[in-house]
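K.L.:
how would this look folded up:
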Amino acid sequence: MSTMERMQAKEQLNEAVNKQIANWFVLYVKFYNFHWYVKGSQFFTLHTKFEELYTEAGLHIDTLAERLLSLGGRPVAAMSACLELSSVRDAAGSETAEEMVRSTVNDFRTLTGELKVAMRLAEAADDETTGDMLLGIHSSLEKHAWMLEAFLGR
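P.N.:
Numbering: from 1, shown residues only. The predicted structure follows:
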């Protein structure tokens, strides 16, 4: 791979990491919404799960942003910019408990697809550290999606 191709891969990787930061900011707020507004027979289970998810989201935001800064990038840090850049959408505010879980699974599936692309970019940029970080997030999302799908009876 030429130096120019490696530089392009690094630039694309920075953009992909920034998109993940935006995604996690939106999810952070969304999971708080779900945590506060979940109702029904599964309240205790889902209330606790969404707390776990917003806590994890906060960790991902910080880890990704600090990595991007170490690579010379500029992490997105305004909510309006996050909403514009993000592939996931904010909560509508009227979701049922089942819709909250379904939305979360769909968001995690979106992110796992994007993370696979970002991991290939990390490989092309010869950036094992970022690739490993993205792989860890990907692995966690796959497990969450599987568990939430089992919750839904799928």
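
K.L.:
what helices or strands is the helix or strand harbouring R109 leaning on?
P.N.:
Taking DSSP states H and E as the criterion, R109 maps to helix 97-124. Packing contacts for helix 97-124, counted by 3 or more Cβ pairs under 8 Å, 6 or more residues apart in numbering; DSSP states H and E, involve helix 3-37, helix 43-70, helix 128-151. The way it works is simple: take the backbone N, C-alpha and C, and place the C-beta from them, glycine included.

K.L.:
OK, contacts around the most centrally placed residue in the chain?
P.N.:
Compute the mean C-alpha point of the chain, and by Cα atoms, centre = their mean the closest residue is W24, 4.3 Å away. Residues near W24 by Cβ atoms under 8 Å, 6 or more residues apart in numbering: A57, H60, I61, L64.

K.L.:
quick one on the thing from earlier: could you provide the helices and strands packed on helix 97-124 in JSON lines, with additional columns for mean pLDDT?
P.N.:
Formatted as JSON lines, those follow (pLDDT from 0 to 100):
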{"stretch": "helix 3-37", "mean pLDDT": "95"}
{"stretch": "helix 43-70", "mean pLDDT": "98"}
{"stretch": "helix 128-151", "mean pLDDT": "97"}
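
K.L.:
So which of those helices is the most surrounded?
P.N.:
Of all these, helix 3-37 carries the top mean neighbour count, a mean of 19, counting by mean count of other Cβ atoms under 10 Å.

K.L.:
and the gap between S80 and A150?
P.N.:
Remark: distance between S80 and A150 (Cβ to Cβ, to the nearest Å) = 36 Å.

K.L.:
what does V117 give?
P.N.:
Counting by Cβ to Cβ, the gap from V117 to A150 is 27 Å.

K.L.:
Could you report the distance from N18 to G113?
P.N.:
According to Cβ to Cβ, N18 stands 17 Å off from G113.

K.L.:
give me the number of residues near S103?
P.N.:
18 (other Cβ atoms under 10 Å).

K.L.:
Verify the stated contact: it with G93.
P.N.:
No: between S103 and G93 there is no contact under Cβ atoms under 8 Å: 11.8 Å.

K.L.:
Tell me the secondary structure at R89.
P.N.:
coil (DSSP: H, G, I helix; E, B strand; the rest coil).

K.L.:
got it, and D126?
P.N.:
coil.
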